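Enquirer: Give me a model of this one.
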Amino acid sequence: MKLKNVLIAVRDMEKSKRFYHDLFGLDVVLDNDGNVILTEGLVLQDARIWREFLGREIVWEHHAAELYFEEMDIEAFAEKLERMYPEIRYVNRLTTHSWGQKVIRFYDPDGNLLEIGTPASAWETGSDGGES
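Expert: Just a heads-up that it's a prediction; the model follows:
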């Protein structure tokens, strides 16, 4: 068995496609009337479809899962995030864990929790993430 995709519900498909493209470079692979597959396997589904499928209301900002991305130059990413989306809601701004990994956590426009962290190769070797 192989995990193929991760699906998140979104309220505004165009806004979400733009957000994930702007920050992460994810492009649309398939746009199928409320179901959009992005590169890297992220699937966006219109909240109306998800609600109908579940037969119940969606619990936004449920804090039970997060999407995790890795970025070597996390300082540049944090600056890009602030510049492009100054209204973004943070869980924590750029911080460094005791083991050396740098992370930033925030919500996407629909309250899905995102974490961006430096890969193990950066914090295990003491790199600041901005070096080549």
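
Enquirer: Was I right to think Leu113 contacts His63?
Expert: Yes: using CB atoms under 8 Å, Leu113 makes contact with His63 at a distance of 6.6 Å. For every residue, glycine as well, the C-beta is placed using N, CA and C.

Enquirer: When those two are compared, which one has more neighbours?
Expert: For Leu113 versus His63, neighbours defined as other CB atoms under 10 Å are more numerous around Leu113 (18 against 10).

Enquirer: For that one, which non-adjacent residue is closest in space?
Expert: Distance criterion CB to CB, 6 or more residues apart in numbering; nearest residue to Leu113, sequence neighbours excluded, is Glu66 at 4.0 Å.

Enquirer: what number of residues lie near the one you found?
Expert: Residues lying near Glu66 (other CB under 10 Å) number 13.

Enquirer: Mind checking which residue lies nearest the centre of the protein?
Expert: The residue lying closest to the centre of the chain (CA atoms, centre = their mean) is Leu114, at 4.3 Å.

Enquirer: Now that one: closest residue in space that isn't a chain neighbour?
Expert: Per CB to CB, 6+ apart, closest to Leu114 is Leu67, 5.1 Å.

Enquirer: Please tell me how far that neighbour sits from Gly100.
Expert: Distance of Leu67 to Gly100, computed by CB to CB, to the nearest Å: 22 Å.

Enquirer: Leu54 now?
Expert: Counting by CB to CB, the gap from Leu54 to Gly100 is 40 Å.

Enquirer: more neighbours, the two?
Expert: Gly100 (15 against 10).

Enquirer: Mind pulling up the pLDDT for Ala122?
Expert: Looking at Ala122, its pLDDT is 76.
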